[in-house]
Every structure is written in C-alpha cells, then in structure tokens.
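In: sharing a model prediction with you, sequence too.
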Amino acid sequence: MHENEIKVWDPLLRLFHWLLVVAFFTAYFTGDEWLTPHVWAGYLIIGLLVFRLLWGFAGPRHARFSDFVCPPRVALDYVKDVLQGRAKRYLGHNPAGGWMILLMLAALTLISISGLAVYAAEEQAGPLAGLLGQAGEGWEEAFEELHEFLADFTLLLVIIHLGGVVVESLLHHENLVRAMINGYKRRA
C-alpha cells in the first residue's frame, strides 16, 4: 500500500466477489452437459448470496447497502454525469454501481430459485424435490426456459458491469479491478 491509498474493500467482500465470478461462469458454461459442477456452482452461489445479504447489513462501511443504495433518480443523474465526463468520484460504489449490485443480486437470486425448481422437476433432487418433483413436463420446460433466460440476462448485466468498471477506471484514473483484488483505492 502507498500512503495515498486507503483500504476500501474488505477481504471477505473481495473473496465473495471473485468466488461469485467463478461460480457464475462455472454454472453458465456447464449447464445441462455437466450437471454435477453446474449444481454445485449453483449451491455455492446460493451460499454467497446469503453471505452478501448478511454482509450488506453487518459488514464494513463500503460493503453495507446503506453506503451505496440510493434513489433511482440519483443513479440516473450519475449516469448522465458520466456521459458528460463530469461524474463525481466515490470511494465506495457509485450510485449506478449500487443499482447494478442490487440488479445482479436479484437476478442471481431468481436464477437460483429457478435452478432449484428445474433440478427438482427434472431430477427429483434438491430442496424443492418434495414440492416440485412431480410437476410434469410442462412445468419442467417452463422452469428451464425461465432459468436460461435469467442466466442470459445476468450475463448481460455482467457485461454492462464490466463496461462500467472500464469507464469508471478511465474517468477517474484508477484501476478498479486492482482495487477489487487488493482492497485499496486512491484517497482523493
């Protein structure tokens, strides 16, 4: 660390972030072809979501939802400022980034629920097997279509998120990927 840097992202938040990246892409690219790693990646995502929910209330300042959740209007104004090249720099998540986090967490939650439904209906396995194990072929297909749509939608969110990271890094002259690896950002 240099004297002009400050610790922003705690180790547990960074571990959550990178495990989520690995788990999402493992699940995305294994799909039906390799069911076992797909299911285990899905269970890991569920565990990570539970952790993130708790950490959003009990974690350090910049991990807390209260630090980055703002009204939608604030996020839209921030995006306008970015497009004009005059957006304010935030030490933690910026308003648009805060909304992206909420969107991705919501999408991942819905993917997880629909994945559990598919697993129950098609394989008669998992925690929803007793409820959906005999749902029938029509429901199986519906759950699977929803699950695949949500996975593709989340991939789109990830791409937008990466674009935002690049734009923010260029706009504020800092390496946000490095900050998510080592936890430090420039003080001012």
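Out: Received, thanks.
In: can you map out the helices along the protein?
Out: Remark: helices assigned in the chain by DSSP state H are 11-30, 35-58, 65-68, 72-83, 95-123, 129-132, 137-172, 176-182.
In: mean neighbour count and mean pLDDT added to those helices, as a markdown table?
Out: C-beta here means a position set from N, CA and C on the backbone, and glycine is covered the same way. Below are the helices of the chain laid out as a markdown table (neighbours: other C-beta atoms under 10 Å; pLDDT from 0 to 100):
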| stretch | mean neighbour count | mean pLDDT |
| --- | --- | --- |
| helix 11-30 | 16 | 98 |
| helix 35-58 | 16 | 97 |
| helix 65-68 | 16 | 96 |
| helix 72-83 | 14 | 96 |
| helix 95-123 | 20 | 96 |
| helix 129-132 | 14 | 90 |
| helix 137-172 | 15 | 95 |
| helix 176-182 | 15 | 95 |
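In: measure the closest residue to R89 other than its chain neighbours to A179 for me?
Out: With C-beta to C-beta, 6 or more residues apart in numbering as the criterion, R89 has its nearest non-adjacent residue at 4.7 Å, and that residue is H172. Relative to A179, H172 is positioned 11 Å away (C-beta to C-beta, to the nearest Å).
In: so which of the helices of the chain gets nearest A188?
Out: Closest to A188 of the helices of the chain, according to C-beta to C-beta: helix 137-172, at 10.6 Å.
In: hmm, back to that, which one of the helices of the chain lies closest to E3?
Out: helix 176-182 (15.1 Å).
In: contacting residues around the closest one?
Out: Contacts with helix 176-182, where a contact means C-beta atoms under 8 Å, 6 or more residues apart in numbering, come from 1, 8-9, 14, 17-18, 165, 168-169, 185.
In: at 6 Å instead, please
Out: With contact meaning C-beta atoms under 6 Å, 6 or more residues apart in numbering, helix 176-182 is reached by 14, 17, 165, 168-169, 185.
In: with stretch 45-52 instead?
Out: Residues from elsewhere that reach stretch 45-52, judged by C-beta under 6 Å, 6+ apart: 16, 19-20, 23, 108-109, 112.
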